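Enquirer: Just to be clear, the model below is a prediction. Sequence and coordinates:
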Amino acid sequence: YESWYVGKWHTSGRPTSRGFNDVAGLFSSGGGKFWKEGQRDWKNFPITGYRGWIFQSADGKQKYPEMGVGVTPDISEKFADAAITLLERKPDKPWFCCVNFTAPHDPLFIPPGLGGKYKNEDMPVPENFLPEHPFDHGNFSGRDEALLDWPRTKEAVQDLLRVYYAVIDDMDAQIGRILETLEKTGQLKNTIVIFSSDHGMGCGSHGLRGKQSQYEHTINVPFVIAGPGIEPGSKSDAQIYLRELYPTTCDLVGAEIPGAVTAKSFAPVLRGETDKHHADIFGYFTDTQRMVRTDDGWKLIHYPKAERWQLFDLNTDPHELKNLADDPAMAEKRKSIAAKLAAWQKETGDPILEKTE
């Protein structure tokens, strides 16, 4: 395979030392000397994300400050432009292209042509909006939470969503340009297209601004896939992990899955052979949050440092508004799900296991 990388690189090494043959539009740290202090985002907040990040060559020796330093309003377009140059090569060998957008990570800016499209008064406030989370969930002092004033107000959340939606709208349009290129070059019908993302921001849900929580609005991430062997328009409630994408993509294209890979392919779900994958999935954040969600719609969250538990029936309470953890009628349900969480913690060697019930 030809393997190409485009966009944000936020891991160790370089793409070319991690299995990629070539890069385009590579965006990473290392441009500190080009950064101008005092820059602010759409709301006039000081910029704290991607300071000094810059477009650069594969080896990082060449920097391109003329393309912008840090996130710019048109950065999604630049990533799409780079991806298109690679796709237009149409190599004889099969190819893999990873395009990593920064959107809608902060700092946020209104993209070109979208000013005024989204208006504050039209933005729906989350059904689980709160002015403040009822307790410190483990990240009250985090950078993301500082990007929205306490207490949260509906007006401030609507203003945030206005820009958040515009940034997503722009990214969607740029992905559309990439798909159009695949179609124009005759490659679309023989290409598997996968879209997913990082965890979404709280944007006022449960009183949170950031993504460091175990609630559905954050722990769930988008996953859309299309291509040969996948029924158009099909949907699945199967529980999967994004880290399982590697064996899954290998499975879909008939490549051998290396023996060292422990993640489980969910290709059978995509092919319609089953509607189940994991009976239970688990989540965590630092030493402050642990979560288990069952495939029959129950979720238990433990906050070891805050000494709090939350139990939600997602079947009847999808927005997680009613905590059933202390309901005597739910004592056995909580106990049985907590046992699953404890077993997983023991199996994975969780260092906070001794602090759980």
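Expert: Everything's here; your move.

Enquirer: and the chain, what are its domains?
Expert: Per automatic domain parsing, the domain ranges recorded for the chain read 2-236, 279-357.

Enquirer: now the chain, which segments are flagged as low pLDDT?
Expert: Under the criterion of pLDDT under 70, the regions of the chain flagged as low confidence span 354-357.

Enquirer: what residues does stretch 27-38 touch?
Expert: Among residues not part of stretch 27-38, those counted as contacts by C-beta atoms under 8 Å, 6 or more residues apart in numbering are 7-10, 46, 51-56, 60, 63, 65, 69-70, 75, 79, 102. Backbone N, C-alpha and C define where each C-beta goes, glycine included.

Enquirer: list the buried ones in the lengthiest helix in the chain?
Expert: Using DSSP state H to assign secondary structure, the helix with the most residues in the chain is helix 154-184. Counting neighbours by 16 or more other C-beta atoms under 10 Å, one finds that the buried residues in helix 154-184 are 156-171, 174-175, 178, 181-182.

Enquirer: so after it, what's the next helix or strand?
Expert: strand 193-196 (DSSP states H and E).

Enquirer: helices or strands up against the helix or strand that that next one is followed by?
Expert: Toward the C-terminal end, the helix or strand that comes next after strand 193-196 (DSSP H and E) is helix 216-219. Using 3 or more C-beta pairs under 8 Å, 6 or more residues apart in numbering; DSSP states H and E as the contact criterion, no helix or strand is in contact with helix 216-219.

Enquirer: what's the offset of helix 216-219 from the middle of its chain?
Expert: Chain-centre distance of helix 216-219: 10 Å, with C-alpha atoms, centre = their mean, to the nearest Å.

Enquirer: next one: stretch 233-253
Expert: Taking C-alpha atoms, centre = their mean, the mean C-alpha location of stretch 233-253 is offset from the chain mean by 15 Å.

Enquirer: what about it, how long is it end to end?
Expert: Between the start and the finish of stretch 233-253 there is a gap of 21 Å, counting by C-alpha to C-alpha, to the nearest Å.

Enquirer: Also stretch 66-84?
Expert: 20 Å.

Enquirer: Equivalent analysis for stretch 232-239, please.
Expert: By C-alpha to C-alpha, the extent of stretch 232-239 from end to end equals 20 Å.

Enquirer: what's in contact with it?
Expert: Here stretch 232-239 makes contact (C-beta under 8 Å, 6+ apart) with 226, 266, 269-270, 272, 274-281, 293, 295.

Enquirer: Report the central residue of this protein.
Expert: Among the residues of the chain, residue 198 comes closest to the average C-alpha position under C-alpha atoms, centre = their mean, at 1.2 Å.

Enquirer: Please report how far it lies from residue 221.
Expert: For residue 198, the distance to residue 221 equals 7 Å [C-beta to C-beta, to the nearest Å].

Enquirer: Same check on residue 65?
Expert: As defined by C-beta to C-beta, residue 65 lies at a distance of 32 Å from residue 221.
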